[in-house]
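Engineer: sequence first, then the predicted structure, then my questions.
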Amino acid sequence: MFTQESTQATASKLIQAVPSALDEFRCPACSQVFATYDELRRHFDTVHPATIAPVTVALNLNGKNCEVLVEPHWTLKRTLQFRLGLTGAKHMCDKGVCGSCTVIVDGRAVLACTTLVLECEGKQIQTVEGIAADPKWKPLVDAYCKWDAMQCGYCTPGFLVSAKALLDKNPNPTEQECREALAGNICICGTYPRHSTAIVEAALKIAEGG
Amino acid sequence: MADIVGVNGQREEFKVVGKHNLPGKVSYALATGVAKFGADYVIPNMLHAKFLRSPYANAYVRSVDLSKAQALPGVVDIVTWEDEAIKALKPAMFGPVRPWLDNYADQEGIEVAVIVVAESEEICDEALRLLEIDWEILPHVVDIRKGKEDNAPIIRPEDKIFGGGMFSAPPAKPRQGNVTYAETVQGDVDTAMAEAENVLEYELMLPAFSSHLPNPPGSVAWWQPNPYLGEGQILHFEGAVQRREQIGMMHGMTPDRTVQEGIFQGGKYCDWGMRRSQEITPLLAKRTGRPVRCVNTREDTFDFLMNQRYMYMKIGFTNEGLITAIDDFSVADGGIEGSSSFGAANDQGYGPYYTMKCLNIRQWMEIVDSNRGKMYLSGQHCPFNWDSGTMAIYLVAEKLGKDPIDIAQLNLHGPDSQEDDRPVPSFEACLDAGRKLMNWNHHPAGMKKMPDGRYHGASFRYQICPRHAFSGYNCKLELRNGVVHMPTQGPVTGIFAVECNAMVVAEELGLTYDDVVVDFDYREPFTPVGGGSDGSTASAWAMKECANLLKKQILEWAIEDAENPPPAGFGGPPPGGPSPLKGYKPEDLDMIDGRVVLKNDHSVGLPLHQATNRHIIATYHGRPPAAIWSLGMGKMLDTMNTAYCEVAVDPDTGEVEVLRFGVVADPGKVLRPTSLESQIDQVMFFSQGCQLLEDFVYDERTGVRLNNNMIDYKKPTMLDVAPVERQFLETRAGNAAYGASGISHSLANTHMVVIAIHNAIGVWVDPPATPDKILKALGKA
């Protein structure tokens, strides 16, 4: 059963499972595994001299410091899914126009599919899992579920992150302000009218202390 | 057929069914990102696969040199159409009818000839670039009107695809060039047209638009031992929800050795086809001995939800507005090989005219092979939704200076047959409510200017509420430790069908919605999906029967346990002494508010978990009684819906604003209002998108589709869509649970917005009605 409590717990576990430090260094070109980054670099220099070597990046993800090994062109979206086990940011357009991969970086809603992970080093990244794990945002998640602000549900995490980013800046938005803030999120299923209803109700509950 | 409590039941009071704001059973997983879709799965040590995709609209791969690609570090496997393992593959369903993968590309961007498996997607891409391919480039057709000309290149001389499919007519005359002909005729159209007091002709263009599945199709597969099943490996794959058994069979696996635990299917919108990326990974994982992931890009995922179609209509009608002859000639895109023929001719029982009294109808269709793209099955805009009939009603009204609603009433046949003159009660009730909802006051085209200088237009359409009476449902309910469980494989598609079933179970068993535990298990046979939202109402009928079978057993065991309670410590007797149900019979009991109680004194009873702690299982297999609509194939009418649209058109900028949609519908009985409302919003927004924004654009010279990305192919945003005002009537006249009907996709429409635009400015603009087209139509550009 997927309840509020169980999904909050799952989100917390996913965040905890993000490795804080790398314990292996896998070559992206041939999958050979090395114990240190230096060994991997030497392997690259000798075996794959024409290929750009991967790099390590230090991130602060949902309040947790972590380190990932990525190729320099990797996006934040791809890093979250393929290195950090977080799949709440969804792949839809891959062009920065649908909002399904929205995350919050240093307080701003950004599109993870068009953000290089290298740009995120040293910045505070919050994903939908971080919002789901934080009891403060339970009213927002509750309202989304109560109002069916989802149908197939694929784009929903992106909407929820945009909604949270809005509430961070404007704790008492009007319905029109909600629509404007979420206009960059595309839903094919037709849930549009439900989001502002859910956000406005959640804002009231949050203001009342949840 | 069992009918334990009747088609409509005797129930008048509802405590759960019809209630708003009950969260979906998996909504928390969806909202929080915990739900995993096929594209989300990442398995340790996983490889990636990519198909070669054709840069040409019509071409053969005559040979391919793999050597450079094979030498690329990180490439693990390359498979071609000539491999025996590929030749042996058969599609799971709705797939290509040619070999599963061959050396012929009949569309730019289609998978062809080669699959690369590598350590990363980038290495796959690089390996594909290193292939040395000998292409034979053939002429192509992406303009179907040119494709039907005598001198057009014949792109598929051997095509045997069209003509035998579901809802299509047999060829009306031998195939010629790229064209297959289909014709259905009722009555004597030529005589009726000659005798008609009025005749009008019009053209109607239906653009193709994209199915646009939100989650890109794809799968991940791996093989693993299972000691409980003896020797050999089992197949585990994710990403093809509801197709576990079929894909297992593609790869020689029995259902018990095929695992797919995921339940989240994403959006489907009646696009039920599997993509090759969802079918190939088990083979690649077996060849490489490692998990393999293959997922389409967004650019790979622009298949048709409706094919392009040009319609040329001629209508004969009386001075009162009664349509007496319909001559419907259309040229339709046959798409690439294997495209669905759903929506082809022979739709008089299923298409736009079946509600009309008119007895003289000819539909002549020329289906043109093309290299434009593929439609996998039906689409939201299946034949129900073509607005050629709506256009006819509007135009007749315009010509005669009458209200289109009056013309619709005049032309709609009665409940029992095409010759039945009586009004359809559900339709009349929808119209009465609709006129009030919309303050309906029809005006002639181009005659109403708003205070801000824009022109006002309004339109109206009607449709039946179709529903599935064809699918059977294997239902199971369990009472376990005093709790009712509803096991199901799901899937979760967005129509909240599982929830509708759980609500019906709760209603019948006197429980709350939260009391019914839904156990998602891929091995369970029950799926509420057999059709779309109309499938949810039909499955809920079967589940209602199952709930009553469970209830009967619960009451029998409650009496048995009251009379012969198990020893203390083994489940009984209940605290407080002997059961208050002792001395009664099962027929004296009922289940109300979570308790088993006396029918004639609800204060006497026990909570369900105390009344019996037996493990009770009830099963039911069946389907609702046949829908009246399906008995008459459209010539019999009961539950109806009506939709309305108001627009404002700026004559200076060409901008169209949809001011509001209105929907007054009779779904028979509303099961889950929150999601019913959302489904209706969805089809309205779909319709707004396809009439104002969406179309495929091709480079005719190369056959390349230019806008298969979400920047250039526009979908409506939250700021684009109009408010939808909805009102539901409940006549209980449907065939599903409590007299419910399916409804939503019957409200999808191809021309309601465009008709409103005509009503505003007095000229036709083909969809998508973009500002440049509006200005051109007004002679301003």
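Structural biologist: In hand now; what should we look at?

Engineer: give the burial count for residue B:70, as a bare number.
Structural biologist: Using other CB atoms under 10 Å in any protein chain shown, residue B:70 has 15 neighbouring residues. Every residue, glycine included, has its C-beta placed from N, CA and C.

Engineer: what sits against the residue nearest to it when sequence neighbours are not counted?
Structural biologist: Excluding the flanking residues, the one nearest residue B:70 by CB to CB, 6 or more residues apart in numbering or on different chains is residue B:78, at 5.9 Å. Listed by CB atoms under 8 Å, 6 or more residues apart in numbering or on different chains, the contact set of residue B:78 reads B:66, B:69-70, B:114-117, B:127.

Engineer: of those residues, just the buried ones, PyMOL syntax please.
Structural biologist: Burial among the contacts of residue B:78 is assessed by 16 or more other CB atoms under 10 Å in any protein chain shown; the matching PyMOL selection reads:
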select buried, chain B and resi 66+69+114+115+116+117+127
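
Engineer: helix, strand or coil for the closest residue to chain A within the stretch 551-700 of chain B?
Structural biologist: Per CB to the nearest CB, residue B:682 is where the stretch 551-700 of chain B lies closest to chain A, at 2.9 Å. The assignment at residue B:682 comes out as helix when based on DSSP: H, G, I helix; E, B strand; the rest coil.

Engineer: same check on residue B:657?
Structural biologist: strand.

Engineer: check what pLDDT it gets.
Structural biologist: Model confidence at residue B:657, given as pLDDT, is 98.

Engineer: repeat that for residue B:467.
Structural biologist: Listed pLDDT for residue B:467 reads 67.

Engineer: so where do the strands sit in the stretch 1-150 of chain B?
Structural biologist: Using DSSP state E, counting those that start in this stretch, the strands of the stretch 1-150 of chain B run over B:47-53, B:59-65, B:75-80, B:104-105, B:111-118, B:132-137.

Engineer: picking that back up, count of residues packed around the closest residue to the residue of the stretch 551-700 of chain B closest to chain A other than its chain neighbours?
Structural biologist: Spatial nearest neighbour of residue B:682, chain neighbours left out: residue A:190 (2.9 Å); criterion: CB to CB, 6+ apart. As a burial measure, residue A:190 scores 25 neighbours (other CB under 10 Å).

Engineer: give me the phi and psi for whatever residue of chain A ends up closest to chain B.
Structural biologist: Using CB to the nearest CB, the single residue of chain A nearest to chain B is residue A:88, 2.2 Å away. Note on residue A:88: backbone dihedrals following degrees, to the nearest 10 are phi -70, psi -30.

Engineer: how far away is the nearest residue to residue A:106 once chain neighbours are set aside from residue B:541?
Structural biologist: Spatial nearest neighbour of residue A:106, excluding adjacent residues (CB to CB, 6+ apart): residue A:123 at 4.9 Å. To residue B:541, residue A:123 is 54 Å away according to CB to CB, to the nearest Å.

Engineer: neighbour-wise, which of these two wins?
Structural biologist: Neighbour totals were compared for residue A:123 and residue B:541, and residue B:541 leads with 29 against 17 (other CB under 10 Å).

Engineer: shouldn't that one be within a strand?
Structural biologist: No. Residue B:541: not assigned to a strand; according to three-state DSSP it is helix.

Engineer: go ahead and confirm it touches residue B:741.
Structural biologist: No. Between residue B:541 and residue B:741 there is no contact under CB atoms under 8 Å: 11.0 Å.

Engineer: now do the shared contacts for the two.
Structural biologist: Between them, residue B:541 and residue B:741 share the contacting residues residue B:735, judged by CB under 8 Å, 6+ apart.
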